[in-house]
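Novice: With the input below, show me the fold.
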Amino acid sequence: MEKAGEESAREEPKTSLFPVSGSSLQDFPKVPQWLSNSSFTVDVSVINDAVSASYNPNITQPEEQEEQEDQKESKPLPNNYELLESSASDRDSDAAEIDKRERKKRKRKRKRYGEDAAAANDYASRKPGVRSWATSDSKPSKDYYFDSRGDRDNLAFGCLYRMDVARYKLHNSVKLSGVELQALYLRNQRGFLLDRDGDINALDSKLKSSGRYWSAKYSALERHKNFKRVRIAAPKISRVNVPPGDFIPFLDIQTSHESVGSESLPRTSTVEESWEDEVLRKTREFNKMTREHPHDEKIWLAFAEFQDRVASMQPQKGARLQTLEKKISILEKASELNPDNEELLLCLLKAYHSRDSTDVFIGRWEKILMQHSGSYKLWKEFLHVVQGEFSRFKISEMRKMYAHAIQALSAACSKQYRQVDRTARSLSQDLAIVQLELGLVDIFFCLCRFEWQAGYQELATALLQAEIEFSVFSPSLLITEQSKQRLFEHFWNSDGARVGEEGALGWSTWLEKEEENRQKVIKEEEASHENEKGGWTGWSEPLSKRKDVRSPENVDDVAVEEFEEKLETEDIKPEDDTEALLKMLGIDVDAEANGEVKDPSTWTRWSEAELSRDCDQWMPVRARSSVGASPSDATPDREVDEQLMRVILFEDVNEYLFSLSSEEARLSLVSQFIDFFGGKISQWICTNSSSWTEKTLSLETLPDYIMEDLRRVHDVLMKVQSSSSGFSLELLLGSSNDISRRTNMMKFLRNAILLCLTAFPRNYILEEAVLVAEDLSITKMNSCSCSVTPCRALAKCLLKSDRQDLLLCGVYARREAVFGNIDYARKVFDMALSSIDGLPLELQSNAPLLYFWYAEMELANNSGNSTQSSLRAVHILSCLGSGVTYSPFQCQPSSMQLLRAHQGYKERIRMLRSAWARGVIDDHSIALICSAALFEELITGGAAGVEVLDQAFTMVLPERRRQSYQLEFLFDYYVRMLQKHYKQSRLSKVWDAISQGLHIYPFSPKLFNSLVEISNLYTVPNKVRLIFDDYCHKKPSVIVWLFALSYEISRGGSQHRIHGLFERALANDWLRSSVLLWRCYISYEIKIAGNLSAARRIFFRAIHACPW
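Specialist: Here you go, the predicted model:
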């Protein structure tokens, strides 16, 4: 067999894998020579050597020469080889000799490769003239050397450049066969060749001398205006001109598509153009589009934005100013063609701000506002700009600006109201008037927050009292605005109680009683005149009973004398009380005026005293008849002067009064009034509304509803992360209000809301707010440890006055459940639901809210059996779905009742579809959808409940979801249900839902809270940071920055990251006026970073940004 194989091998010559030139196959020995070829060895080190050789081509040539020298030094190969029979011992000795020779070659290769690589890599990172380095074998003469020429690649990439670092690929050589190992070697070699071809210029000597692509030379080349770039030009399909409106002509579009499809479409082409060519092309395109569509604001805004891009590419300041002038001329032309477009005007004014001085810029604002006095957006932006100008800021000037804005918008509302055809449509349906009045209310509350934060808290309270009396409790009289104000002046200067004070009746009721008293006095006088009989009796009254008759000249002097006598009778402290008080605080009165108090405890006591006065002096002082006529200079005592300053006269508030005709605007006024004084109120506006944005921007302290979400974020991070810092935003800002001040405010709110309920009867949002205010005013804190609910007496009193108010029963039962009285709450709910059938139809529509509240209360009950609570909730929801008369829970519902409830929910949701398509979305329909989803969740599972909510969202358009607070509540409920059942479904579904929600509601605190909670289970912290950074860039708001800061502070993040967040937030033109962000920044530097000098610098920056 061996001989036959040898003969066949001689007859069929084969090409060798590594042929040798000048020799044939017959000259080679048969067996041992091709086996000794290194290409067929299974040693992994051979592959590594080959890879390294291909990686560094400069070293391959010396290695080949070395191999040739080794072959010459060894036994020279004869020209002809004869096939000899070798024994096994000879073959073993030959193999051992070959292995020894290979090990020797590999050792020399490693040594040579290390020297050459070190020489190649040290071209820019080693100082010349230094003979020995730390990596050399010889001991250096000095202990250290300065490397003055550092590796620039480290600066460019932040680490070693990848061409200088060995690359490895993990594989298990034990499990690989010979064929697989050969394939792996070829694949790696092919990949390294590709990388080497791509990076061959990196080792070029010219590039080493001239620099890399990131160097200054190539950066200048990139910015050169004549540098050609390749642009891929895609074929443009002509757009179909669709007429405005809801009608879309389908036939025209179809024919246009057919015509487009019939033509041969051009292929994509590459065009080389420089930056100058691109500017010319873009300018030509924009000029053409603005000529064809002069009333399209998006084209003009894009044209102006392109000028900013052009200016960023120009290094000279003069060229940038020329581009700015071109941008201004473009926007002026756009504003001339579209004079009523507010977006173009705002962009034009922003461009003016970059060019003009402050005085000229304010003058341009005033000129535009005179032409557009009825735009609340322009007024809001103007007030924000003027309020932040430190050089021009004055409290009196800002009050004048606010007065002009309120009067101009009030006149615009009155003008639009007169133009409305009342016979054709009702006032509530006129959206333009409603939006204008809502904007007027927002500006008024900006004024109140400005006065409150500036220290004039009595004036802010008086403004709110006056406006609510003037607009909500106005008498129904057909009189002009001036006559109405004169009539209100009589009420304001009287002794009648105002909104929030004990015994307040409202302006209209007070006026009616005054009229009744006047008529009664007139009748008494007429009766007395009739009883009189003519003739003079000559009798006169005694002097002691005669009234003092004073002349008008002596009225002021007599009033002053009476006031001084009254001051003497009271226990008023002497004049030196001020000096005594300063000495108690540790301040030396005898010291120089310029002397600085260096004792920190003195400033601490002073700040505490000021805070206590600030907490006590927020209610305006009522003017007395004797004091009202006395001049201020007649009362030298300082405390009396302060009391007089706290008296708010009618002249202080008359310029800010306005009338509201729409129900939505008046309800917004009352709701923001409750929120202004720290009351707890359910969500009444969408977070996308301008009211929410203005409110969050003007916050000085964190309200409770935002603090609860931030507290949950902190708790989640503390549980998951073991390395959390323990700090939180709540620790930075401290307590929001003093307990005594909060108690007084809650009493004030309780009285005010009770009065407002006469104007808005059966409003469950106000009813819930008044019960919560009653609880807080009695308990002095948000405590739930009372055995008897504090608001029980008030709730019963309200129910006695209106026994058909079902929602009041539900609100009261929920308050009982909050304080742990579950059985009492069940009795209230059962009583209310059992009496539904006997009520009118308009009141029966409130039933879904009661059923939903009752079921949620049962599921939230943690004191009893969870199974029993679930059965109770199923019973409640099945009664709503099946439509049967409610009966208290006795046993588990039957399967037939559950089936009827399932069908009933489907039918009622189908009936809602038409109403939702028209945009009629109310609280009752949202409660019905939530009840159906909760019912399916309890019966079938979480997936069925989520499906019900998904179907509900398909019934409305996405644009309507952005402005509806009911749909925002429904989406929050949808996210909470997904979070509850994330183990049954995929986490990615929850993550996608939260991402979609943040796209629709980017300012929602609850969605950001859900984002942080689910991110601890789904993703890494860096992805959460990227999401926060994205929303901070695209949709900046106080809410986004607060949650981003809370995430980093609670996790114990890097101080550089936290400082960066603060600086980026306060660099925004709008957010730099946020007092809350500045307070957080200062408190962070003091309490966490411990850098007092930095806190001092930030404090002065905050004063410059927020001068009020």
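Novice: quick one, helices of the stretch 301-450 of the chain?
Specialist: Along the stretch 301-450 of the chain, the segments classed as helices by DSSP state H, counting those that start in this stretch run 317-337, 342-355, 358-371, 376-387, 395-419, 431-453.
Novice: helices and strands around the shortest one, which ones?
Specialist: Packed against helix 376-387, as judged by 3 or more CB pairs under 8 Å, 6 or more residues apart in numbering; DSSP states H and E, are the following elements: helix 342-355, helix 358-371, helix 395-419, helix 431-453. In short, each C-beta sits where N, CA and C put it, glycine included.
Novice: now do 10 Å
Specialist: With contacts taken as 3 or more CB pairs under 10 Å, 6 or more residues apart in numbering; DSSP states H and E, helix 376-387 sits against helix 342-355, helix 358-371, helix 395-419, helix 431-453, helix 690-697.
Novice: Over to the last one?
Specialist: Under the contact criterion of 3+ CB pairs under 10 Å, 6+ apart, the helices and strands touching helix 431-453 comprise helix 376-387, helix 395-419, helix 457-471, helix 663-676, helix 690-697.
Novice: ok, how many other residues are close to residue 1036?
Specialist: A count of neighbours around residue 1036, defined by other CB atoms under 10 Å, yields 19.
Novice: Give me the phi and psi for the nearest residue to it once chain neighbours are set aside.
Specialist: Leaving aside its chain neighbours, residue 1036 sits nearest to residue 1068 (5.3 Å; criterion: CB to CB, 6 or more residues apart in numbering). With angles defined as degrees, to the nearest 10, residue 1068 sits at phi -70, psi 140.
Novice: I'd assumed residue 1061 was in contact with residue 1068.
Specialist: No: assessed by CB atoms under 10 Å, residue 1068 is found out of contact with residue 1061, at 11.8 Å.
Novice: Now for these two: what residues contact both?
Specialist: Contact criterion CB atoms under 10 Å, 6 or more residues apart in numbering; residues shared by residue 1068 and residue 1061: 1032, 1041, 1077.
Novice: Turn these into JSON lines, including distance to residue 768, secondary structure and neighbour count.
Specialist: Compiled in JSON lines, the shared contacts of residue 1068 and residue 1061 are given as follows (distance: CB to CB, whole Å; DSSP: H, G, I helix; E, B strand; the rest coil; neighbours: other CB atoms under 10 Å):
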{"residue": "1032", "distance to residue 768": "34", "secondary structure": "helix", "neighbour count": "19"}
{"residue": "1041", "distance to residue 768": "30", "secondary structure": "helix", "neighbour count": "24"}
{"residue": "1077", "distance to residue 768": "31", "secondary structure": "helix", "neighbour count": "25"}
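Novice: could you dump those residues to CSV with pLDDT and distance to residue 729?
Specialist: Putting those into CSV (pLDDT from 0 to 100; distance: CB to CB, whole Å) gives the following:
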residue, pLDDT, distance to residue 729
1032, 91, 16
1041, 93, 11
1077, 93, 11
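Novice: Which stretches in the chain count as strands?
Specialist: According to DSSP state E, the chain carries its strands in the segments 229-233, 269-273.
Novice: got a list of what the residue nearest to residue 337 when sequence neighbours are not counted touches?
Specialist: In space, and not counting its chain neighbours, residue 337 is closest to residue 294: 4.9 Å by CB to CB, 6+ apart. Residue 294 is in contact with 300, 333-334, 336-338, counting by CB under 10 Å, 6+ apart.
Novice: what's the closest of the helices and strands packed on helix 431-453 to residue 834?
Specialist: With CB to CB as the measure, helix 663-676 is the member of those nearest residue 834 (31.0 Å).
Novice: now the angle between helix 431-453 and the closest one, please.
Specialist: With axes from the mean of the first three to the mean of the last three CA atoms, to 10 degrees applied, the angle from helix 663-676 to helix 431-453 works out at 20 degrees.
Novice: what angle separates helix 663-676 from helix 690-697?
Specialist: 20 degrees.
Novice: can you pull the buried residues of helix 663-676?
Specialist: Within helix 663-676, the residues scored as buried using 16 or more other CB atoms under 10 Å are 664-676.
Novice: Repeat that for stretch 330-345.
Specialist: 330-331, 334-335, 338, 341, 344-345.
Novice: State the pair within the contacts of residue 294 that is farthest apart.
Specialist: Farthest-apart pair in the contacts of residue 294 is 300 and 336; separation 10.9 Å (CB to CB).
Novice: shared neighbours of the two, anything?
Specialist: Listed contacts common to residue 300 and residue 336 are 294, 344; contacts here mean CB under 10 Å, 6+ apart.
Novice: you'd agree residue 773 is up against residue 744?
Specialist: No: checked against CB under 10 Å, the pair residue 773 and residue 744 is beyond contact range at 11.5 Å.
Novice: still on that earlier bit, from the helices and strands packed on helix 431-453, which stretch is densest packed?
Specialist: A comparison of those by mean neighbour count, using mean count of other CB atoms under 10 Å, puts helix 457-471 on top with a mean of 23.
Novice: tell me the angle of that one relative to helix 663-676?
Specialist: 160 degrees.
Novice: Return the list of helices and strands in contact with helix 457-471.
Specialist: If you count contacts as 3+ CB pairs under 10 Å, 6+ apart, helix 457-471 packs onto helix 431-453, helix 481-492, helix 507-531, helix 663-676, helix 739-756.
Novice: Of all these, which one comes closest to residue 767?
Specialist: Nearest of the helices and strands packed on helix 457-471 to residue 767, taken as CB to CB: helix 739-756 at 8.4 Å.
Novice: what's that closest one packed up against?
Specialist: Short answer (3+ CB pairs under 10 Å, 6+ apart): helix 739-756 packs on helix 457-471, helix 600-616, helix 663-676, helix 764-779, helix 792-801.
Novice: if we go to 8 Å?
Specialist: Partner elements for helix 739-756 (3+ CB pairs under 8 Å, 6+ apart): helix 600-616, helix 663-676, helix 764-779.
Novice: buried stuff in the first one?
Specialist: Using 16+ other CB under 10 Å as the burial criterion, the residues of helix 600-616 that qualify are residue 615.
Novice: now the last one
Specialist: Neighbour-count burial for helix 764-779, with 16+ other CB under 10 Å as criterion, is recorded at 764-779.
Novice: and what of stretch 386-393?
Specialist: Buried residues in stretch 386-393, counted by 16+ other CB under 10 Å: 386-388.
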